[in-house]
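> Predicted model and sequence below, questions to follow.
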Amino acid sequence: MTTPTGPAAPREIDWIKLSPWIYTIALFVIWEVVVRILGVPPYVLPTPTAILLAAIEFWEAIWKNGLQTLMTTLAGFALAVVGGLAIGLLVGWSRAIYAGLYPLMIGFNSVPKVAVVPILVLWFGIGTVPAIITAFLISFFPVVVNVATGLATIEPEMEDVLKALGAKKLDIMLKVGIPRALPYFFGSLKVAITLAFVGSVIAETVAANSGVGHMMLTAQSNFQVPLVFAGLFVLAIEGIVAYALMAWVEKRMTGWAHRSGFAQ
Amino acid sequence: MSVPVILDDVTHRYGGAGGTIALEGCSLSVRSGEFAAVVGPSGCGKSTLMKLATGLQFPFQGTVTVAGNRVTKPVTMAGMAFQNPTMLPWRTTLDNVMLPLEIAQPHRSRLRKHRAEYVEKAELLLETVGLKGFGSKFPWQLSGGMQQRASLCRALIHEPDLLMLDEPFGALDAFTREELWCVIRDLHAARGFTVILVTHDLREAVFLADRIFVMSARPGRILAERTVDFPRPRDLEINYTQAFQDVVHELRGHIREARAAA
């Protein structure tokens, strides 16, 4: 006769929670193994361990420049949020303003921002200011588009109900338009924050005395390839943290729009 | 309080001179406190009629008169409800119901100081339509029928003299629909406002209305007018009487003609 084995079934492993870690670790392990097996020279592609060692060795430079890039990005992002919100509300307010500004903004957004940096340097000199402005320029567009979309999707019936009560345009905007646009707005912040990093690093690479972009450029000219990669990692980590923060803010502010997992 | 609504030889078109004509030579007159229903084939301009009567749009030709005044701006004494309940998902049901108070005068100026009084009123109204205790729920936590009840409350909270209903029960199941017929019947009896109900459900029109206007296909005008004189209060049972069936049948005939002519 066999006795029943163990008390209860073993606890289920939450693969969804674990998988980001598993995938990330797997990527680095494969990377390390492939580079070692193929004998790729470190000036082409360093191993993750070499990158980690470089990061430890140049810890001070990485800390200082990483902080600089973070501050630049956040400043540009803050400007983009304020400016994007304002322009988005303006564009959503009237069809005439929408029609007038839209082609201009699309044209503006199509210009590669790296081409704008020399002009900014001409105006503001080499340093932090062009980087902040580049971060702003590259990240404000998604905010505008999303806020305007949110305002454009007011149900006509809702508008009729309020208008029939004597509501002014501002009333409809405050009671319906802006709350309705908020999920779009907070959603756009996730896109905008990552773009802001792109913008500030572009400017730092072209014209700056500090920041991760500048550090990578210097390391590259000194053939310190592991340090170049360490710079990339700093950017990736800052990007992930900022994105997660925005995602959290989005969830906190507009729970009603994400009700699938919210309602009991 | 209630108000008469008169449309006199109204023609309305969308999109300028070459646009679609929605109404042409449409005349109808709804008496103060009357429950009027407008029926017609789909796309006949029933909703245009609603917009003209509430001053959301102005006729291309002819005049619209509400409460003795020619309509030149939105008629603020109107409450509206549509097929889609259009509740705002970020507000609780109670806050949705109270939305008109934040817009319409004189409530708008009084709301802050007399909030408790208004909340009490809104809760009473929710109770009347069978939503007692649901005020703190969000609209998406309610069923479609419950949302539609809340939408009726929103249309009535500012005590309008004129209630405009655009197929408000169209998306509901048969039982809920009949329940809401009784709710609106009782509210009309208690408050005596004027009602214009746009619907494609003939039984609904006959059960609720004092008078039914049949519209032609687009461009819409009034083809026939039928007074329904079943005594009030009406019980749902009258749905199954021969007299009721006869009226429905007669209206069906009009609609068939209107569709054939189109």
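Yep, that arrived.
> going forward, measure contacts between C-alpha atoms and count neighbours the same way
Fine.
> Return the list of helices and strands in contact with the strand or helix carrying residue A:185.
Residue A:185 belongs to helix A:178-206 when elements are defined using DSSP states H and E. If contacts are counted by 3 or more CA pairs under 8 Å, 6 or more residues apart in numbering or on different chains; DSSP states H and E, helix A:178-206 sits against helix A:59-93, helix A:128-152, helix A:212-221, helix A:225-253.
> what's the most buried one of those?
helix A:128-152 (a mean of 26; mean count of other CA atoms under 10 Å in any protein chain shown).
> List the buried residues in the helix holding residue A:185.
Buried residues in helix A:178-206, defined by neighbour count with 16 or more other CA atoms under 10 Å in any protein chain shown: A:178-206.
> got the angle for it vs helix A:128-152?
Angle, helix A:178-206 to helix A:128-152, by axes from the mean of the first three to the mean of the last three CA atoms, to 10 degrees: 160 degrees.
> Tell me the gap between helix A:178-206 and the middle of its chain.
Offset of helix A:178-206 from its chain centre (CA atoms, centre = their mean, to the nearest Å): 5 Å.
> what about it, average pLDDT?
Averaging pLDDT along helix A:178-206 gives 91.
> Enumerate the beta-bridge partners assigned to the residue positioned nearest the centre of chain B.
Closest to where the C-alpha atoms of chain B average out (CA atoms, centre = their mean) is residue B:165, at 1.7 Å. Judged by DSSP bridges, the bridge partners of residue B:165 are residue B:81, residue B:197.
> Could you verify my assumption that it touches residue B:81?
Yes - between residue B:165 and residue B:81 a contact is recorded at 5.0 Å, counting by CA atoms under 8 Å.
> Run through the residues of chain A sitting next to chain B.
For chain A, the residues in contact with chain B (CA under 8 Å from any CA of the partner chain) are A:155, A:157-158, A:160-167, A:171, A:176, A:179, A:256-257, A:263.
> do you know how far the residue in chain B sticking out farthest from the centre is from chain A?
When distances are taken from the C-alpha mean of chain B, residue B:113 lies farthest, 31.2 Å away, according to CA atoms, centre = their mean. Residue B:113 is 20 Å from chain A, where distance means CA to the nearest CA, to the nearest Å.
> and what of residue B:15?
Residue B:15 sits 16 Å away from chain A, taking CA to the nearest CA as the criterion.
> give me the number of residues near whichever residue of the stretch 51-200 of chain B sits closest to chain A?
Here the residue of the stretch 51-200 of chain B nearest chain A is residue B:76; by CA to the nearest CA that distance is 4.5 Å. Counted by other CA atoms under 10 Å in any protein chain shown, the residues lying close to residue B:76 total 21.
> ok, it touching residue A:168?
No - using CA under 8 Å, residue B:76 is not in contact with residue A:168, being 12.0 Å away.
> got the residues of the stretch 51-200 of chain B near chain A?
The stretch 51-200 of chain B comes close to chain A at residues B:54-56, B:74-82, B:86, B:88-90, B:100, B:103-104, B:141, as judged by CA under 8 Å from any CA.
> Among those residues, which lie within strands?
B:78, B:79, B:80, B:81, B:82 (DSSP state E).
> Test my guess that the third one contacts residue B:167.
What it means is residue B:80. No - when contacts are counted by CA under 8 Å, residue B:80 is not listed as touching residue B:167 (10.8 Å).
> Between the two, which has more neighbouring residues?
For residue B:80 versus residue B:167, neighbours defined as other CA under 10 Å are more numerous around residue B:80 (27 against 20).
> Need the per-residue pLDDT for the more buried one.
Here, the pLDDT recorded for residue B:80 equals 88.
> With residue B:255 as the reference, measure out to the nearest residue to residue A:83 once chain neighbours are set aside.
Closest residue to residue A:83 apart from its sequence neighbours, by CA to CA, 6 or more residues apart in numbering or on different chains: residue A:140 at 6.9 Å. Separation of residue A:140 from residue B:255 (CA to CA, to the nearest Å): 55 Å.
> Tell me where the stretch 101-250 of chain B has strands.
For the stretch 101-250 of chain B, strands defined by DSSP state E, counting those that start in this stretch occupy the ranges B:162-166, B:194-198, B:211-215, B:222-227.
> Now do the third one: everything it contacts.
Defining contact as CA atoms under 8 Å, 6 or more residues apart in numbering or on different chains, one finds that strand B:211-215 is touched by B:28, B:34-41, B:44, B:46, B:205-206, B:221-228, B:251, B:254-255, B:258.
> Could you pick out the buried ones from the residues you listed?
Among those, those classed as buried by 16+ other CA under 10 Å are B:28, B:34-41, B:44, B:46, B:205-206, B:221-223, B:226, B:228, B:251, B:254-255, B:258.
> still on that earlier bit, quick one: contacts for the residue nearest to residue A:83?
Contact analysis of residue A:140 by CA under 8 Å, 6+ apart lists A:77, A:80, A:81, A:83, A:84, A:192.
> what about 10 Å?
Counting by CA atoms under 10 Å, 6 or more residues apart in numbering or on different chains, residue A:140 makes contact with A:76-85, A:87-88, A:109, A:188-189, A:191-193, A:195-196.
> Tell me the spacing between it and residue B:250.
As judged by CA to CA, residue A:140 and residue B:250 stand 62 Å apart.
> low-scoring stretches of the chain, by residue?
I'll assume chain A. Applying pLDDT under 70 to chain A flags residues A:1-10, A:258-264.
> Sorry, I should have been clearer: chain B.
For chain B, the stretches with pLDDT under 70 are B:1, B:16-17, B:262.
> now the helices: where do they sit in it?
In chain B, the segments counted as helices under DSSP state H are B:46-53, B:93-97, B:107-110, B:115-128, B:144-156, B:174-191, B:202-208, B:242-261.
> Packing partners of the last one?
Other helices and strands packing on helix B:242-261, by 3 or more CA pairs under 10 Å, 6 or more residues apart in numbering or on different chains; DSSP states H and E, are strand B:35-39, helix B:202-208, strand B:211-215, strand B:222-227.
> between it and strand B:222-227, how big is the angle?
Helix B:242-261 runs at 180 degrees relative to strand B:222-227, counting by the same axes, to 10 degrees.
> Format the helices and strands packed on helix B:242-261 as CSV; extra columns: distance to residue B:158.
Below are these laid out as CSV (distance: least, CA to CA, whole Å):
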stretch, distance to residue B:158
strand B:35-39, 19
helix B:202-208, 22
strand B:211-215, 26
strand B:222-227, 30
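> Indicate which one of those is closest to residue B:181.
Nearest to residue B:181 among the helices and strands packed on helix B:242-261 is helix B:202-208 (7.1 Å), distances taken as CA to CA.
> That closest one packs against which elements?
strand B:35-39, helix B:174-191, strand B:194-198, strand B:211-215, helix B:242-261.
> ok, how many other residues are close to the closest residue to residue B:192 other than its chain neighbours?
Spatial nearest neighbour of residue B:192, excluding adjacent residues (CA to CA, 6+ apart): residue B:33 at 5.3 Å. Counted with other CA under 10 Å, the neighbours of residue B:33 add up to 20.
> Next, the contact list for residue B:33, please.
Taking CA under 10 Å, 6+ apart, we find residue B:33 in contact with B:1-4, B:161-162, B:188-189, B:191-195, B:210.
> who wins for neighbours among these?
Among those, residue B:162 has the most neighbours (other CA under 10 Å), with 32 neighbours.
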